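*Asks:* Turn this into a structure:
(one chain, ligands or ions: 1)
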Amino acid sequence: MLPTHDVPCPHCGAALYSAVSLDDGINPGAVESPDVHVDNAGFYMSCPKCRRRVAMERVGSDQGTYYVRAAPAR
Ligand SMILES: [Zn+2]
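*Replies:* Here you go, the predicted structure:
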């Protein structure tokens, strides 16, 4: 098993999901993987604690497509 770490919500700091490795990618096989939605602004998930929108980015890799938390807006 690869080590995981919690990726925090940029709004409230609650853990959004457990990521594999260093890139904050969602582990597609993990039961705690969040649901990623899409709207006109792109991919996002809702924080389970504060319910705010957290932007996500879709990444393709040799292991398949997965999602990472997008860089915070400045
Ligand atoms: Zn939050």
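*Asks:* Contact residues of this protein facing the ion?
*Replies:* 9, 11-12, 14, 47, 49-50 (CB under 5 Å from the ion). Backbone N, C-alpha and C define where each C-beta goes, glycine included.
*Asks:* What's the first helix or strand after the host helix or strand of R58?
*Replies:* Per DSSP states H and E: R58 is located in strand 53-61. Next along the chain after strand 53-61, taking DSSP H and E as the criterion, comes strand 64-69.
*Asks:* could you dump that following strand to CSV, C-alpha only?
*Replies:* Coordinates of each C-alpha in strand 64-69 appear next as CSV, following Å, rounded to 0.1, in the frame of the first residue of the first chain:
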residue,chain,number,x,y,z
GLY,A,64,-6.0,6.2,-15.4
THR,A,65,-7.8,9.4,-14.9
TYR,A,66,-8.0,10.9,-11.4
TYR,A,67,-8.6,14.2,-9.7
VAL,A,68,-6.4,16.5,-7.7
ARG,A,69,-7.4,19.6,-5.7
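*Asks:* Report the buried residues of it.
*Replies:* 66-69 (16 or more other CB atoms under 10 Å).
*Asks:* That strand vs strand 53-61, what angle?
*Replies:* 150 degrees (axes from the mean of the first three to the mean of the last three CA atoms, to 10 degrees).
*Asks:* Looking at strand 64-69 now, give me its mean pLDDT.
*Replies:* For strand 64-69, mean pLDDT is 80.
*Asks:* Against which helices or strands is it packed?
*Replies:* On a contact count with 3 or more CB pairs under 8 Å, 6 or more residues apart in numbering; DSSP states H and E, strand 64-69 meets strand 25-26, strand 53-61.
*Asks:* Out of these, which one sits most buried?
*Replies:* strand 25-26 (a mean of 21; mean count of other CB atoms under 10 Å).
*Asks:* Name the next helix or strand downstream of that one, please.
*Replies:* Strand 25-26 is succeeded, C-terminally, by strand 37-39 (DSSP H and E).
*Asks:* Now do the next helix-or-strand element following that following strand and strand 64-69, the angle between them.
*Replies:* Using DSSP H and E, the helix or strand that follows strand 37-39 in sequence is strand 42-46. For strand 42-46 against strand 64-69, the angle by the same axes, to 10 degrees is 70 degrees.
*Asks:* Before I go, just wanted to say thanks for your time.
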